[in-house]
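Novice: The amino acid sequence is not available; the structure is as follows:
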């Protein structure tokens, strides 16, 4: 049950710019403190963005290439070792805490906004 402190207004939700992108490149990120991949994601008219994502438990780089993902585009970029992470790819934890990606189940236009 949600407490009053966790209730937000729809305008708060609308400020988070969540978009659909397609993974163009996924490669190991051995310099990361926790196992991760370096990703390049195409957001269509919004361009290609880079990020680091801890997806190594359930995904191999070749599985990620071409996959649609949901990411937040309007958080500040973060420097993670040698990688400038420009977006936050969204996922949920499995029972052991490993990330499972949130993704559309059918093909949709790149850059489409989540609402």
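Specialist: Happy to help now that I have it. In this text, all values refer to a predicted model and were calculated from it rather than measured experimentally.
Novice: what is the mean pLDDT for the helix of greatest length in the chain?
Specialist: Longest helix in the chain, counting residues (DSSP state H): helix 10-15. Taken as a whole, helix 10-15 has a mean pLDDT of 93.
Novice: Give me the helices and strands touching it, please.
Specialist: Using 3 or more C-beta pairs under 8 Å, 6 or more residues apart in numbering; DSSP states H and E, no helix or strand is in contact with helix 10-15. To be clear about C-beta, it is placed using only N, CA and C from the backbone, and glycine gets the same treatment.
Novice: pLDDT weak spots in this structure?
Specialist: Confidence mapping of the chain against pLDDT under 70 gives the ranges 1-5.
Novice: residues touching residue 17, list them.
Specialist: 72, 73, 74, 113 (C-beta atoms under 8 Å, 6 or more residues apart in numbering).
Novice: Between the residues you listed, which sits nearest residue 32?
Specialist: Nearest to residue 32 among the contacts of residue 17 is residue 72, at 19.4 Å by C-beta to C-beta.
Novice: Tell me how far stretch 68-78 lies from the chain's centre.
Specialist: Put simply, stretch 68-78 sits 6 Å off its chain's centre (C-alpha atoms, centre = their mean, to the nearest Å).
Novice: first to last residue in it, what's the distance?
Specialist: 22 Å (C-alpha to C-alpha, to the nearest Å).
Novice: Can you give me the buried ones in that stretch?
Specialist: Using 16 or more other C-beta atoms under 10 Å as the test for burial, stretch 68-78 gives 68, 69, 70, 71, 73.
Novice: Out of those, list just those in helices.
Specialist: Using DSSP H, none of the buried residues of stretch 68-78 sit in helices.
Novice: Which of those fall within strands?
Specialist: Taking DSSP state E, the ones among the buried residues of stretch 68-78 that sit in strands are 68, 69, 70, 71.
Novice: ok, of these, which one's closest to residue 108?
Specialist: residue 68 (7.0 Å).
Novice: Is the closest one bridged to anything, and to what?
Specialist: Residue 68 has these beta-bridge partners by DSSP bridges: residue 22.
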